[in-house]
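>>> Take a look and give me a structure for this.
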Amino acid sequence: MKALLHLAALSPKSRKNESDCLRNWERYCAQHSFPVLPTTVEALRAYIGDMPARVTAGTLRHVVAAVRRWHLEAGVDDPADEALLDELRRAQRRCRVPDISPCLTHDLATVINGIPDSPRGARDKLLVLLSYSGRVSSPAMAKLDRGDVRIDPRGMVLDVWYGRRKRPVTFGRYHDTRYCVVSAMERYLRRLDDEEPALIRACWHGRITTRRLGLRRGEGAISFRCRNAGITRRPMTSLRAGMMVAATNRGAEEYAIMRQQGYSRASAVRQLQARLQLKQIDVVARLGM
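Numbers count the residues shown, from 1 in each chain. Sure thing, here's the model as predicted:
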């Protein structure tokens, strides 16, 4: 049986998500007259059988894990067994797969062109282009230091945290500097007039402070700029999917996409391509027509 992480090992965001999962579980038990704590394997089995038509696989898995961890933290026996986990795995394959609306190149241009030329605007342009070009997450952006950036005439190497490991990601220069992540980094660095190590910073009254930008504020800045451009559904996912579409249509190899976007397995690239229905190269896009 798969071991569960201790509650203390979870991040604040994961703990908040777990609280939401437990509230969903309590509502389900109240509606169906099931015991909440301790619960029974029959209640979990009923939950698994009832939910897949309305939720994603991730939600289903997280709720079951939250209930199990809640029992263990309370000193109560784990209500799950191997048979239940087998049912959970089968149920996840039947779950709804959320749609992805990729942010295509003309959408990206609309986002970037709508950001003003200001200190905050220079930072936000960099955040959007990092998310698009290198699948850099908000937690990874928040951890970036100046020492993680190496720029030369050919491009830029950025040491980025993907999961628990830091990997160097190479960005080449793009001919149009408005949409070039290397040029955006250079413009942003010129705005910094101190020697503080933090790279991505909070802005206050039109100036860049020395305080590191928080995770939620980084996500909020990207979402705000995308919403202003009309991209309202899951902006971070849309940006990353947009790069996948552009790279695949232009004939990039799976390994090159995997390295550029920080995936550890080529199968993850193929799965995302399948979800985006990129089963064959778009010849017109590849020719630049």
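>>> ok now do residue 47, which residues does it touch?
Going by Cβ atoms under 8 Å, 6 or more residues apart in numbering, residue 47 touches 25, 28, 63, 64. Just so you know, the C-beta spots here come from the backbone N, C-alpha and C atoms, and that holds for glycine as well.
>>> from the residues you listed, which two are the most distant?
Spatially, the most separated pair among the contacts of residue 47 is 28 and 64, at 11.6 Å (Cβ to Cβ).
>>> which residue ranges form the strands in the stretch 101-250 of the chain?
149-152, 155-162, 165-172, 201-204, 207-212 (DSSP state E, counting those that start in this stretch).
>>> got the contact list for the fourth one?
It stands for strand 201-204. With Cβ under 8 Å, 6+ apart as the criterion, strand 201-204 contacts 119, 120, 123, 192, 208, 209, 210, 211, 212, 213, 214, 217.
>>> With neighbour count added, can I get those in JSON lines?
Formatted as JSON lines, the contacts of strand 201-204 follow (neighbours: other Cβ atoms under 10 Å):
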{"residue": "119", "neighbour count": "19"}
{"residue": "120", "neighbour count": "17"}
{"residue": "123", "neighbour count": "25"}
{"residue": "192", "neighbour count": "17"}
{"residue": "208", "neighbour count": "20"}
{"residue": "209", "neighbour count": "15"}
{"residue": "210", "neighbour count": "12"}
{"residue": "211", "neighbour count": "12"}
{"residue": "212", "neighbour count": "20"}
{"residue": "213", "neighbour count": "23"}
{"residue": "214", "neighbour count": "13"}
{"residue": "217", "neighbour count": "15"}
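>>> Closest to residue 237 out of the residues you listed?
residue 217 (18.8 Å).
>>> Could I get the pLDDT score of the closest one?
Looking at residue 217, its pLDDT stands at 86.
>>> just residue 51 next, same as before
Per-residue pLDDT puts residue 51 at 68.
>>> looking at the strands of the stretch 101-250 of the chain, which is buried most?
Mean neighbour count (mean count of other Cβ atoms under 10 Å) peaks for strand 155-162 among those, with a mean of 18.
>>> Tell me the neighbouring strands of that strand, and mark each as parallel or antiparallel.
strand 149-152 (antiparallel), strand 165-172 (antiparallel) (DSSP bridges).
>>> Residue 265 contacts residue 258, correct?
Yes: contact criterion Cβ atoms under 8 Å: residue 265 and residue 258 qualify, at 7.3 Å.
>>> For the two, indicate the residue with more neighbours.
residue 258 (18 against 10; other Cβ atoms under 10 Å).
>>> ok now do residue 129, which residues does it touch?
112, 179, 180, 181, 184.
>>> pLDDT below threshold where in the stretch 51-200 of the chain?
51-55, 94-99 (pLDDT under 70).
>>> all helices of it, in order?
Under the criterion DSSP state H, counting those that start in this stretch, the stretch 51-200 of the chain carries helices at the ranges 57-73, 82-94, 105-113, 119-134, 138-143, 181-191.
>>> want to throw those into CSV with distance to residue 234?
What follows is these, written out as CSV (distance: least, Cβ to Cβ, whole Å):
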stretch, distance to residue 234
helix 57-73, 13
helix 82-94, 20
helix 105-113, 13
helix 119-134, 12
helix 138-143, 13
helix 181-191, 21
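>>> any idea which of these is most buried?
Comparing the helices of the stretch 51-200 of the chain by mean neighbour count (mean count of other Cβ under 10 Å), helix 119-134 comes out on top with a mean of 24.
>>> That one: how far from the chain's middle?
15 Å (Cα atoms, centre = their mean, to the nearest Å).
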